[in-house]
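*Asks:* Curious how this folds, go ahead:
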Amino acid sequence: MFSRPQGGAHQIRRMKNNDFTSGAILGKLIRFMLPVLFAMFLQAMYGAVDLLVVGRFCTNADVSAVSTGSQMIMTLTNLIVSFSMGITVAVGQKIGQKLHDDAARIIGTGLVIFAILGAVFTVVTVFFAVPLAKIMHAPEEAFDVTVSYLRICGSGFLVITAYNLLGSIFRGLGDSKTPLIAVGIACVFNILGDLLFVAVLGLGASGAALATVAAQLVSVVISLVIIRKVRLPFEFSRKHVRLKKREAASIFRIGTPIALQDFLVGISFLVLLAIVNGLGVTASAGVGVAEKVCAFIMLVPAAFMQSMSAFVAQNYGAGLFDRAKKALRVGIMVSFFFGAAMFALTFFRGDLLAGVFSNDAEAVVNAWEYLKAYAIDCLLTCFLFCFIGYFNGIQKTTFVMIQGVAGAFLVRIPVAFIMRRFGGGSLFLIGLATPCSTVVQIVMCFAVFLYLARKEKSRL
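*Replies:* Model prediction:
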């Protein structure tokens, strides 16, 4: 699988296993976070390039289809990514405890679980594309194109699963550079595919979907070739690829609450998009553009969230609880600096950012109106995302699920409905539902953090 036999070892590059349990926290956290950030930037380029090319060469109906379809695919993909956090955290803790054989069994079990999950998602998106488009209230002009987009992307879910799973495994091993290489390869091929299928062949939203799946397939194949030339910090072979009960239980115990939380939060954003779709195709296209911009302005706190999970998991596994808390404080401070910069840029010149993805003046105006609400959220997510990464790393994933679901269903969706009903169709007011939910979630995180700190102090 990932590692070769001992023979010919001079040709094999040994993976650098990052030890997060010693040394300067800021330096190690930043060095690990930067490849994660670049990988997420390139990942965001996927949807951005799709929308950019479609926005330049196609109609608002195609833009709406990519917006609605990609949001649905992203929700399911995020479910895979968040569930795979169970592998990232479990492997990271085993590495911190120096239990390398246990880490190998967790990886092998994870491969089996995610192969099954990818097959299930393929069936759901291919055979239920029409009901999914109806649930999303896809505008009539864009309905058939949205269905086609969902089916094409859905047919490649096994590839999408493999693509994201590999990244989660290696981040758990302390290696954030190999996933960066994989995403870089995929991004290049996606850009080429978009230009070919959309700009040259004129396939519209369907062409963007084809480009996405083809790019990830190429990335997975090339990544596996690269991985075979990398020596893991422990032995891993086909014998480890078995569904082991204890390892599966560990993955499900850690990953299920995270996945359920992300899935339900994703559902809340789908509901938000469905509310906007009811305002018409132009509003739908505008919010679709805004969502692509958001994927970039939220990159730094999102990168810290993923990095924090791996960093804290190793230190928690090694019993270095104070070091884990210090990493949380460092992450919040650094990401807040970037959050303030993103707030100023997005709130005051969001039209420039939206204009990159669309040349339709009305769609750009709608996108900027929606983005002003997200600009406020930029000041808040540096706290929330770092807290989520910290709680994931110490295996408090049930609380992560509770705070995420509470924010989504007790605040975000009700506020969006209220703003839609009494706000005169203002996208800014509808968008305020997101920072409102973030505030509630931060309060919950602070409360639980202080509770755990007092509980830990009382045991000393």
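*Asks:* Surely residue 21 forms part of a helix?
*Replies:* No. Residue 21 sits outside any helix when classified using DSSP: H, G, I helix; E, B strand; the rest coil, being coil.
*Asks:* Hmm, residue 316 and it touching each other?
*Replies:* No. Assessed by CB atoms under 8 Å, residue 21 is found out of contact with residue 316, at 9.9 Å. (Glycine included, C-beta is placed from N, CA and C.)
*Asks:* These two: which has the busier surroundings?
*Replies:* Taking neighbours as other CB atoms under 10 Å, residue 21 and residue 316 compare with residue 316 leading, 22 against 18.
*Asks:* which SS state does the more buried one fall under?
*Replies:* Quick answer, by three-state DSSP: residue 316 is helix.
*Asks:* Pull out the buried positions in the helix or strand containing residue 331.
*Replies:* Secondary structure from DSSP states H and E places residue 331 in helix 321-355. Within helix 321-355, the residues that count as buried by 16 or more other CB atoms under 10 Å are 323-325, 327-328, 330-332, 334-336, 338-339, 342-343, 345-347, 350, 353-355.
*Asks:* could you give the angle of the helix or strand that it is followed by to helix 321-355?
*Replies:* For helix 321-355, the following helix or strand on the C-terminal side (DSSP H and E) is helix 361-393. For helix 361-393 against helix 321-355, the angle by axes from the mean of the first three to the mean of the last three CA atoms, to 10 degrees is 170 degrees.
*Asks:* average pLDDT for helix 361-393?
*Replies:* Across helix 361-393, the average pLDDT comes to 89.
*Asks:* Show me what secondary structure element comes after that helix.
*Replies:* Downstream of helix 361-393 (by DSSP H and E), the next one is helix 397-406.
*Asks:* Can you tell me which helices and strands that next one packs against?
*Replies:* Packing contacts for helix 397-406, counted by 3 or more CB pairs under 8 Å, 6 or more residues apart in numbering; DSSP states H and E, involve helix 245-277, helix 361-393, helix 433-459.
*Asks:* can you redo those as a markdown table with mean neighbour count and distance to residue 149?
*Replies:* Shown next, in a markdown table, are the helices and strands packed on helix 397-406 (neighbours: other CB atoms under 10 Å; distance: least, CB to CB, whole Å):
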| stretch | mean neighbour count | distance to residue 149 |
| --- | --- | --- |
| helix 245-277 | 20 | 14 |
| helix 361-393 | 24 | 18 |
| helix 433-459 | 16 | 25 |
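*Asks:* TSV please, covering those and showing distance to residue 114.
*Replies:* TSV is the format used below for the helices and strands packed on helix 397-406 (distance: least, CB to CB, whole Å):
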stretch	distance to residue 114
helix 245-277	10
helix 361-393	18
helix 433-459	28
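*Asks:* Identify whichever of those helices lies nearest to residue 97.
*Replies:* Shortest separation from residue 97 across the helices and strands packed on helix 397-406 is recorded for helix 245-277, at 12.6 Å, computed as CB to CB.
*Asks:* distance between the very next helix or strand once past that closest one and the chain's centre?
*Replies:* Counting by DSSP H and E, the element after helix 245-277 in chain order, helix or strand, is helix 281-297. Centroid displacement of helix 281-297 relative to its chain, using CA atoms, centre = their mean, to the nearest Å, is 17 Å.
*Asks:* Can you show me the CA trace of helix 281-297 as PDB?
*Replies:* C-alpha atoms of helix 281-297 as PDB (Å, rounded to 0.1, in the frame of the first residue of the first chain):
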ATOM      1  CA  VAL A 281     -31.900  33.200 -10.100                       C
ATOM      2  CA  THR A 282     -30.000  36.500  -9.800                       C
ATOM      3  CA  ALA A 283     -30.000  36.400  -6.000                       C
ATOM      4  CA  SER A 284     -29.000  32.700  -6.200                       C
ATOM      5  CA  ALA A 285     -26.100  33.500  -8.500                       C
ATOM      6  CA  GLY A 286     -25.000  36.400  -6.300                       C
ATOM      7  CA  VAL A 287     -25.000  34.300  -3.100                       C
ATOM      8  CA  GLY A 288     -23.200  31.500  -5.100                       C
ATOM      9  CA  VAL A 289     -20.500  34.100  -5.900                       C
ATOM     10  CA  ALA A 290     -20.300  35.200  -2.300                       C
ATOM     11  CA  GLU A 291     -19.900  31.700  -1.000                       C
ATOM     12  CA  LYS A 292     -16.800  31.200  -3.300                       C
ATOM     13  CA  VAL A 293     -15.400  34.400  -1.900                       C
ATOM     14  CA  CYS A 294     -16.100  33.200   1.600                       C
ATOM     15  CA  ALA A 295     -14.100  30.100   0.900                       C
ATOM     16  CA  PHE A 296     -11.000  32.300   0.600                       C
ATOM     17  CA  ILE A 297     -11.600  34.900   3.400                       C
END
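*Asks:* Output the below-cut-off pLDDT ranges for the chain.
*Replies:* 1-19, 46-47, 92, 95-96, 100, 168-169, 171-176, 226-241, 459-460 (pLDDT under 70).
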